[in-house]
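>>> Any chance you could fold what I've pasted below:
(chains A, B, C and D)
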There are 4 protein chains.
Amino acid sequence: MHLNKKKIINDPVFGFINLQSDIIFDLLEHPIFQRLRHIKQLGLSYLVFPGANHTRFEHAIGTVHLMRQAISVLQIKGHEITDEEAEAVAIAILLHDIGHAPFSHVLENTLVNISHEEISLMLMQELNREFNSKLDLAIKVFTNKYKKQFLHQLVASQLDMDRLDYLSRDSFFTGVVEGTIGIDRIIKMLNIHNDQLVVDVKGIYSIEKFLISRRLMYWQVYLHKTVVAAEFLLINVLKRAKEIITNGGELFAPPTLNVFLTNNFTAEDFHSNIEIQGKNVLQWYTLLDDNDILISIKEWQNHPDPVLSQMAKSITNRKLPRTKFSDKPISPAKEQKYLKQIEKHIISDPDLAKYFLMTGVITNNAYNKHYENISVLYKDGTVKEINDASDINLSTLSKTVKKYFVCYPKELDIY
Amino acid sequence: MHLNKKKIINDPVFGFINLQSDIIFDLLEHPIFQRLRHIKQLGLSYLVFPGANHTRFEHAIGTVHLMRQAISVLQIKGHEITDEEAEAVAIAILLHDIGHAPFSHVLENTLVNISHEEISLMLMQELNREFNSKLDLAIKVFTNKYKKQFLHQLVASQLDMDRLDYLSRDSFFTGVVEGTIGIDRIIKMLNIHNDQLVVDVKGIYSIEKFLISRRLMYWQVYLHKTVVAAEFLLINVLKRAKEIITNGGELFAPPTLNVFLTNNFTAEDFHSNIEIQGKNVLQWYTLLDDNDILISIKEWQNHPDPVLSQMAKSITNRKLPRTKFSDKPISPAKEQKYLKQIEKHIISDPDLAKYFLMTGVITNNAYNKHYENISVLYKDGTVKEINDASDINLSTLSKTVKKYFVCYPKELDIY
Amino acid sequence: MHLNKKKIINDPVFGFINLQSDIIFDLLEHPIFQRLRHIKQLGLSYLVFPGANHTRFEHAIGTVHLMRQAISVLQIKGHEITDEEAEAVAIAILLHDIGHAPFSHVLENTLVNISHEEISLMLMQELNREFNSKLDLAIKVFTNKYKKQFLHQLVASQLDMDRLDYLSRDSFFTGVVEGTIGIDRIIKMLNIHNDQLVVDVKGIYSIEKFLISRRLMYWQVYLHKTVVAAEFLLINVLKRAKEIITNGGELFAPPTLNVFLTNNFTAEDFHSNIEIQGKNVLQWYTLLDDNDILISIKEWQNHPDPVLSQMAKSITNRKLPRTKFSDKPISPAKEQKYLKQIEKHIISDPDLAKYFLMTGVITNNAYNKHYENISVLYKDGTVKEINDASDINLSTLSKTVKKYFVCYPKELDIY
Amino acid sequence: MHLNKKKIINDPVFGFINLQSDIIFDLLEHPIFQRLRHIKQLGLSYLVFPGANHTRFEHAIGTVHLMRQAISVLQIKGHEITDEEAEAVAIAILLHDIGHAPFSHVLENTLVNISHEEISLMLMQELNREFNSKLDLAIKVFTNKYKKQFLHQLVASQLDMDRLDYLSRDSFFTGVVEGTIGIDRIIKMLNIHNDQLVVDVKGIYSIEKFLISRRLMYWQVYLHKTVVAAEFLLINVLKRAKEIITNGGELFAPPTLNVFLTNNFTAEDFHSNIEIQGKNVLQWYTLLDDNDILISIKEWQNHPDPVLSQMAKSITNRKLPRTKFSDKPISPAKEQKYLKQIEKHIISDPDLAKYFLMTGVITNNAYNKHYENISVLYKDGTVKEINDASDINLSTLSKTVKKYFVCYPKELDIY
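Next up, the predicted model:
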């Protein structure tokens, strides 16, 4: 049994991945982790990029692979990292996304009122209990309570292994080859200075390229108009389903999803020990995945509620709304104009028409959440932020870009 | 609207794919085709190869891409293929797998008693009605009733575009790089002789390599021990679920799957116009996909039936049986020994124990179904079968290999 | 014979390349073009990047391949390009570098006093005579005298096929994968507006990425310190060899190189019809390649002149000088300090010592020579320069960067 | 200085290659090794595959990279390999080809009468003297005099690192992607049994694929008709040049090549200490590379001897002979017919005509020279030869295939 745990996994992106340790293997086998097989990394993006069916499961394994390499590079450069620390940081990155909701961040705040990071931590603590406190150090690193801060930065920062893996992986599976980053070289250029993760000055052009690739992936994939349309439609479908239930209506849902549709769980509920049909909220959560949503939407195509059924058809059969981006919010006048057209051509009831017009704002915030600047280490020991080190002006890259959007049924275009 | 139909799809395997024609675009948009987004190309293989989440949807698009190239090569070599024929053969390959059941061939004969080929044809005919007979020629080519036989061979033969795509694609997504075939060169070497698809003699080594790669994919991926275990377990789970219903038991299933669990539809039922809850059998079928199965198995983990719940857990949490291959069938004595151990360690009721022991035989037949030899065209116009043309003995490659297998719970290994 | 001219060439970078036309095939077969097989694309860079042995021969073929694709994209977008124009622009790009000296631009102004562009044109005119004026239109396009200016821009501009090929190819052969550009997508985004080559707005991120990749290749490869050292050393070796001859000394050189070492040909000499040993200057030039230089330097290791022999050894055995970059020119004081050390440790004669200290300035000018801005075409028909279109500040990318350098023998470091 | 020796080399085939040890770095820097930069791995094949300009220098570095991986795999599987042994086997593979003549094996027996293996050994011994016997163990391994035989097999056997590298590398640079082998997996499957290098049974399909790929590369690249024509032409050119000198004629040659053209050195001369112009034969040899040959042939185009000049033009301008393969030797009658035509159309003197007709036999022997069977290790500890282990008949793959060839001027085809 022992040898088997050293097993090698075939990864299309990085080739053979060696798990290297028993605990990584055991965590990977755990049902809580296996659930990630059914959480797509890019949610509904597969509706635009047919190859993008990859999951958080593969992504998490990829991050461990990169973490092993990064640790080895840092050790070769003379930085002390104990075996225990190396293991902890590998566990922390393996589990960093364990709490993701179905369709990743899309359904946060729709299905539950709690962030996936908070759930990730709760699940790590749960696993720590099952694994007899073997995750203690990993949790310290994850929550940035361990003395060596650079370990946390390998897990969550502008240059963490999460980012390096997902950019490579998303580029690979979407087929957007331009998103490719020089992952091997970036990792080789990592270094530590005053307990901070830095990049050797020789790697400066690689970092510029990385930032530009990230930006490209951002606008070409993550915020692709059709993907935005599909994601906000998905949110609306779930909202409508909840309303129907709240109003005493009935609809099909698998038991697990049903629990979440009929309740509005808050962070507090997750932390308390209230039980529903013999399971607490966190346990129910670990049973929920993308397929619950997809299967329900498919059935809802036949639901008597015209809003629910039409939006469900729109997703299932990929008849997605038109999206328009703008630097300013849509004006109330323009909004009224759209609504009038919807009432005329799609659905006459004004209360329902509003479901078919989606407006809002998207930002690249998500990608700066754990914001810490990338620092460049010069040969003489000085450190500069990448913006100061590079002679092209990269500050725009770290600015939050806001784009206002409106999504409306494509049929309106012809009027 | 018109221009949009010429759209370009990002494919991770082949890069940009140009759809080139309106009807291909329209077929692709049809709900019957969109269903393929939720039928994984390799079924449960993703439990062994985490990247193998690719679907029949992408595969079908890939085959059209290769078909366009093959047609172009043949035209350049001076063979007359009209625009109408080129379109027909592209449609035929696009739709060749349209009738696949969830988990592809695994659930044929479990969920329904009809082959996927037969359903594919029925769905093509249905689409033909909707598309005002524009698929007439495609259907003729698909059913091999068109005068130019080589067109059918591009769709279904030892060298069809189906095979070229799936070998490349499966190799790509599983990460088994050794399975890579020289697809560009094989297509460049295609030719026609006496209305038969042949390969120019210069391509002989490419064909040898193709046959060896196929063989490698076969044993390394398609018949991987753990994949075999998972697939037969899946069949057993479905069988058990049907038994429970037959015996008056209850279990969760999404409405669509429920229709198939509570009925045993035959080919006749598909052809007749019996309606169930307002839809005929074929319509129900077009609503069924992998997610219905996965979601149900996840729920069945909690079912009171110990067989169903244990097997459901086994799949969901990837606690898969041990598989052993042998050249001979397992002896009744050996079988009894296994059963006794199962009764002792897993489940004491002998009637239930048998569910945990799976035996059978697998063959590489599936890959010879449309068997037609690959023929090599010499410069002097003579034609030889690849076996005679090659100076290595390839006959074994076309022989049906039978392997007997037994799958039993891994726990038994430790006793 | 005819069919053979349609031949397909295996290119490691782009796969199969189809020559498509007889004249391209015939030009490629011509000795003037075959010479390019022995002119390395990246000169002495192979001393740093061992894989960089690729030649101008392959590069020129690659540019034709990309040109065919670009023309096809522009035609599909509705721009009229006749067959004759398509052929002309393919010829023009095939021959754009035909006049390169050994070690490409390194030896311009050392071996001859004429630019390679001027020689390229002379050689095209020579070929035009041999090919009965079939290159008339190609020469017009090359010299920007043809009415359709965008054709010239495909040959020589910031987005020409030359650049697209060499960035991809140099990235491929050096193994600097980060230099990879999204060549397929850039070509798909090309368009024409008011007779100018432009990029569709959807391609804006691809252009940003292209500019950043070019910059990365620039500093990581083209101006790599060791490459700079080797190239200036090569220039010095040739200069010293010429001096020795001028001073009546003797040294080995193959007959062809000897002609250029013992003469100082100017543009005028190339244009006049003076004959040396039965050949005019241009004819001698077409016989000269990298190997003449390499073989001579190898022999010069044994030459009695200590400067020549030491510098020859330095290149042949890759004992290259140390290079230091600075934003300011090296001060006379610092220069004296270096010279003193060289006199002390390397060679005592001050007149000779100066050969071992190389100073100068490098710029990225070479890459802006054909400077024309990249223009972005918006959907409403407006056009903006990329600097205005992009929301990151790219102006630095087009600025000429000057770096002052000093190269001195590595042995000095230890004192 | 020390750190620098740990340097990382960019390899287009394998990515970053870490040299890992000082002695490997120092050997690589030595002029004897640097010479390999100018010995092309595939000789004149670049005339057919324009990308095939890669050299023995890169190849040798690649083999060290693979050797490090193989050693690590074997150590992980529990086999004892000391650091000293690991270093020795890395040195042995680095230097295995150090004695190659210009154009690799093509010019063995033309320029010198001694095998490159014998010269390789002499050069290793020379280096061993310079490196204070640090190569003792490496030489023992290379000459198979070390107790652990499997170390020698990693250097020279059917599965040595030489073969794994050159098949991958040649496939990469020729662009013959079908030649790709599953190098990572083959190395992962290596094992040792009774001091013999074996392959774990799980790797059996990878070995089959490797053998088929090798065969494909063999016929598609190494014995490509045009390559064969160019190589035998090159041999004839050198022979004719030697004859001219023997007969008192004059011709241009760089000093180094001149030494070899005017002498017929035997193995004995290499071992004796005879000096020519102050250098012994081995020293002269280490100064000889491909460029000496190419430059001479270029000049010989103008030589008054019609045979020499015509053949020199044929190579330089790539007007290569037609090659025909046959299973039987060409008949004397047929040979006479060709000669008559040559006398009629090419050169009237019968004594000279024979130079333009080349006949002979080629075999795949070169690739079986170090013949040792590949052995497969079963889980129960038994070992079988790959031919017995595989259920396809691979024996043909190890058989020596003989092909008789005739090469004659292409002009004859039109008569």
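
>>> For the stretch 1-150 of chain A, give me the ranges with low pLDDT.
Within the stretch 1-150 of chain A, the segments meeting pLDDT under 70 span A:1-6.

>>> Checking A:Ile362 next. Helix, strand or coil?
Here A:Ile362 is recorded as strand under DSSP: H, G, I helix; E, B strand; the rest coil.

>>> And A:Lys354, by the same measure?
helix.

>>> what distance separates the start and the end of stretch A:88-103?
Taking Cα to Cα, to the nearest Å, the first and last residues of stretch A:88-103 lie 28 Å apart.

>>> Give the buried residues for it.
Under the neighbour-count criterion of 16 or more other Cβ atoms under 10 Å in any protein chain shown, stretch A:88-103 has A:88-103 buried. Every residue, glycine included, has its C-beta placed from N, CA and C.

>>> got the residues of the stretch 151-300 of chain A near chain D?
A:184-185, A:188 (Cβ under 8 Å from any Cβ of the partner chain).

>>> Mark which of these are buried, thanks.
Buried subset of these (neighbour count, 16+ other Cβ under 10 Å): A:185, A:188.

>>> Which ones among the residues of the stretch 151-300 of chain A next to chain D map onto strands?
Among these, DSSP state E puts none in strands.

>>> Kindly reformat the residues of the stretch 151-300 of chain A next to chain D as TSV containing pLDDT.
Shown next, in TSV, are those (pLDDT from 0 to 100):
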residue	pLDDT
A:Asp184	94
A:Arg185	94
A:Lys188	95
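
>>> from the residues of the stretch 151-300 of chain A next to chain D, which single one is nearest chain B?
Nearest to chain B among these is A:Asp184, at 17.6 Å by Cβ to the nearest Cβ.

>>> Wait, that closest one touches D:Asn18, no?
No - between A:Asp184 and D:Asn18 there is no contact under Cβ atoms under 8 Å: 11.5 Å.

>>> Tell me who's in contact with the residue in the stretch 51-200 of chain A that chain D sits nearest to.
Nearest to chain D, among the residues of the stretch 51-200 of chain A, is A:Asp184, at 6.0 Å (Cβ to the nearest Cβ). Contact analysis of A:Asp184 by Cβ atoms under 8 Å, 6 or more residues apart in numbering or on different chains lists C:177, D:15-16.

>>> Next: A:Phe252.
With Cβ under 8 Å, 6+ apart, A:Phe252 has these contacts: A:296, A:299-300, A:303, B:254-255.

>>> Give me the three-state assignment for it.
What three-state DSSP gives for A:Phe252 is coil.

>>> and which of the residues of the stretch 151-300 of chain A next to chain D is nearest to A:Thr143?
A:Lys188 (28.7 Å; Cβ to Cβ).

>>> Name the nearest residue to the closest one, ignoring sequence neighbours.
Spatial nearest neighbour of A:Lys188, chain neighbours left out: A:Val73 (5.9 Å); criterion: Cβ to Cβ, 6 or more residues apart in numbering or on different chains.

>>> which SSE is that neighbour in?
For A:Val73, the host element (DSSP states H and E) is helix A:56-76.

>>> Tally up the residues packed near the closest residue to A:Lys298 other than its chain neighbours, please.
With Cβ to Cβ, 6+ apart as the measure, A:Thr316 is the residue that lies nearest to A:Lys298, at 5.4 Å, once sequence neighbours are left out. Neighbours of A:Thr316 under the rule other Cβ atoms under 10 Å in any protein chain shown: 20.

>>> Perfect, I'm done here.
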